[in-house]
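Enquirer: Have a look; sequence and predicted model below, questions after that.
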Amino acid sequence: VAGLKIAVDGPSGSGKGTVAKLLAEEVGLPVLDTGLLYRLTGAVALQRGADLADEAAMVQVTVEMLDGLIWSSSGIEFHGEKWTDRLRGEEVGAAASMVAAMPEVRARLLTLQQQLAGSGCIMDGRDIGTVVLPDAPAKFFLTASVRERARRRWSQLKQMGRRCDFDEVLLDLKKRDQRDRERQHAPLAQAVDAIAIDSTTLRVDEVVDRMLGILERRG
Ligand code: C5P
């Protein structure tokens, strides 16, 4: 599988992050979570108190973000500090989806994603199969019902000791879904050649087995 590129896209809470990691272990490829790039951009903007609706300011934040960034299979470092864990909250997720709607911000992040995918990887996000790696030979699109996705997010937040009102999590998720699907540039969408897997009633290992089966059949 050396050099193979696998795209894994899907909405928030579809389990793509967990599944991508496990699949990466199985096939021996690095895994890159592209959501972390948008999350770090959002987090830096929040930290600066910058206006999340101001595209020029967000492009500036993106440039600064890229300057201090190390992005790899083990997550994200910013100016030598590990940031992955503090990027998981809902506030950062919402900020990420706001900056992610800005074409100029996306353009700045695109090159980096394409460069790092160069030598083969599993990349997860929203537009990997459609925009970032349109030529990837294997593409998956993970879905699950919105209630199930909210339930997963809720239990994840609870485990991390974060805010955990279920209805609030459900509402946040719906808002983020809508923003990600309806934006003009690189919206969340299934690539025509992607294989959809609905994980509503599947365990993570069952999803991974299905993917491995599909990859094997394709050779
Ligand atoms: O996947 P995750 O929830 O970490 O992504 C956070 C936000 O980043 C998403 O809601 C989406 O707006 C944005 N994103 C994106 N394109 C990607 C990955 C994430 O627009 N490839």
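Expert: Yep, that arrived.

Enquirer: From here on, just use CA atoms for contacts and neighbour counts.
Expert: Fine.

Enquirer: what's next to stretch 184-196, contact-wise?
Expert: With contacts defined as Cα atoms under 8 Å, 6 or more residues apart in numbering, stretch 184-196 is touched by 9-11, 101-103, 126-127, 129-131, 138-143, 180-182.

Enquirer: Assign a three-state SS to the closest residue to Tyr38 other than its chain neighbours, would you?
Expert: Leaving aside its sequence neighbours, Tyr38 sits nearest to Ala96 (Cα to Cα, 6 or more residues apart in numbering; 4.9 Å). Classification of Ala96 using DSSP: H, G, I helix; E, B strand; the rest coil returns helix.

Enquirer: burial measure for Ala96, as a count.
Expert: 25 (other Cα atoms under 10 Å).

Enquirer: check contacts around the residue of the chain found nearest the ligand.
Expert: With Cα to the nearest ligand atom as the measure, Ser97 is the residue of the chain nearest to the ligand, at 3.2 Å. Ser97 sits next to Tyr38, Arg176, Arg179, Asp180 when contact means Cα under 8 Å, 6+ apart.

Enquirer: Pick the one among those residues closest to Thr200.
Expert: Nearest to Thr200 out of the contacts of Ser97 is Arg176 (Cα to Cα; 18.8 Å).

Enquirer: hang on, Met102 packs against Ala56?
Expert: No. Met102 is beyond contact range of Ala56, at 9.6 Å (criterion: Cα atoms under 8 Å).
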